[in-house]
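**Student:** the amino acid sequence is not available; the structure is as follows:
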């Protein structure tokens, strides 16, 4: 039995343990944060150079613009984001060629990322999930632009390569990822036609995903994903009919296998925004507008009620298909 009395002092089994100073670890690993959201890499089209190397950071405590706090080891878009309690990860991506690179950067100090390992194959346009112990990279394009259903896993405790540990119910790309304390989720995407499937796979064992629900028909591809402790969120995205881009915010429960419902709207219609999650709010940063230009807006919507998002700040540069992390 243990409990914390104040200031990181914990009594455990009769012993007093002094935890390191600073912010509390994120719940269940890194799928939520209390302090900052990060947007790393991305596509800046029509700007030149096209591919971004920048790691932006913005506050969860107060609304405001992001700041440039470091660089990835290579510029890229279409990579996936994962978060441990101490580090952010950026896996895979594309910059004219696919990569399997997994980068890691520290949450405790601003600085550049380091190359730490590789995915099992080159991959981009998949989805990222985070458990307390591992990062996941699921779906997307493998080498030769082959759409894949593979789920990769890599450990946070050591800088080791990812391994293929299971399959989604169908191969797809341009998907969004969500995480509960026990499971990873992959929602929507193209296979190559639009898919409304919500897949779930367990963190406790290496196994295949199961189909547990459906998204709304009107939004199924190129969305951003967010996670509260009780629900997964899917925001924005692309459809096959005019006006093509949507601003819908959808929500589905973690406690039961159910379909998503429409619970609000983003500030603008966009696809390929980047999702971040605090303990109180979901964020959708950047994205591509209907005129196919990169956007720098940071949207925020509450987890405590079903409501529309508000514009709370700007990224340092407009971009889409970036990776998201939180601390």
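**Tutor:** Yes, it's here. No experiment lies behind these values; they were computed from the predicted model shown.

**Student:** could you list the low-confidence segments of this protein?
**Tutor:** For the chain, applying pLDDT under 70 flags the ranges 1-29, 218-219, 292.

**Student:** now the helices for it?
**Tutor:** Using DSSP state H, the chain contains no helices.

**Student:** between the two ends of stretch 30-38, how far is it?
**Tutor:** Chord length of stretch 30-38, first to last residue, is 12 Å (Cα to Cα, to the nearest Å).

**Student:** actually, stretch 282-295.
**Tutor:** 18 Å.

**Student:** mind listing what's buried in it?
**Tutor:** 282-289, 294-295 (16 or more other Cβ atoms under 10 Å). The way it works is simple: take the backbone N, C-alpha and C, and place the C-beta from them, glycine included.

**Student:** cool, and stretch 119-131?
**Tutor:** Under 16+ other Cβ under 10 Å, the buried positions of stretch 119-131 are 119-131.

**Student:** quick check: end-to-end length of that stretch?
**Tutor:** 17 Å.

**Student:** quick revisit: tell me the two of the buried residues of stretch 119-131 that are most distant?
**Tutor:** Greatest spacing in the buried residues of stretch 119-131, by Cβ to Cβ: 122 and 131 (23.6 Å).

**Student:** count of neighbours near residue 305?
**Tutor:** 8 (other Cβ atoms under 10 Å).

**Student:** who does the closest residue in space to residue 323 that isn't next to it in sequence bridge with?
**Tutor:** In this structure, residue 323 finds its nearest non-sequential neighbour in residue 81, 3.5 Å apart by Cβ to Cβ, 6 or more residues apart in numbering. Bridge pairing for residue 81 (DSSP bridges) gives the partners residue 90.

**Student:** settle this for me: residue 81 is touching residue 285, isn't it.
**Tutor:** No. Counting by Cβ atoms under 8 Å, residue 81 does not reach residue 285; the two are 11.0 Å apart.

**Student:** give me the common contacts of these two.
**Tutor:** Common neighbours of residue 81 and residue 285, counting by Cβ atoms under 8 Å, 6 or more residues apart in numbering, are 274, 324.

**Student:** where along the stretch 151-300 of the chain do the strands fall?
**Tutor:** Using DSSP state E, counting those that start in this stretch, the strands found in the stretch 151-300 of the chain span residues 163-167, 176-179, 183-187, 197-202, 210-214, 224-227, 231-238, 245-253, 261-265, 274-277, 281-285, 297-302.

**Student:** could I get the ones you listed as a markdown table with distance to residue 156?
**Tutor:** Output for those, formatted as a markdown table (distance: least, Cβ to Cβ, whole Å):
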| stretch | distance to residue 156 |
| --- | --- |
| strand 163-167 | 14 |
| strand 176-179 | 13 |
| strand 183-187 | 14 |
| strand 197-202 | 17 |
| strand 210-214 | 25 |
| strand 224-227 | 17 |
| strand 231-238 | 21 |
| strand 245-253 | 26 |
| strand 261-265 | 31 |
| strand 274-277 | 17 |
| strand 281-285 | 22 |
| strand 297-302 | 26 |
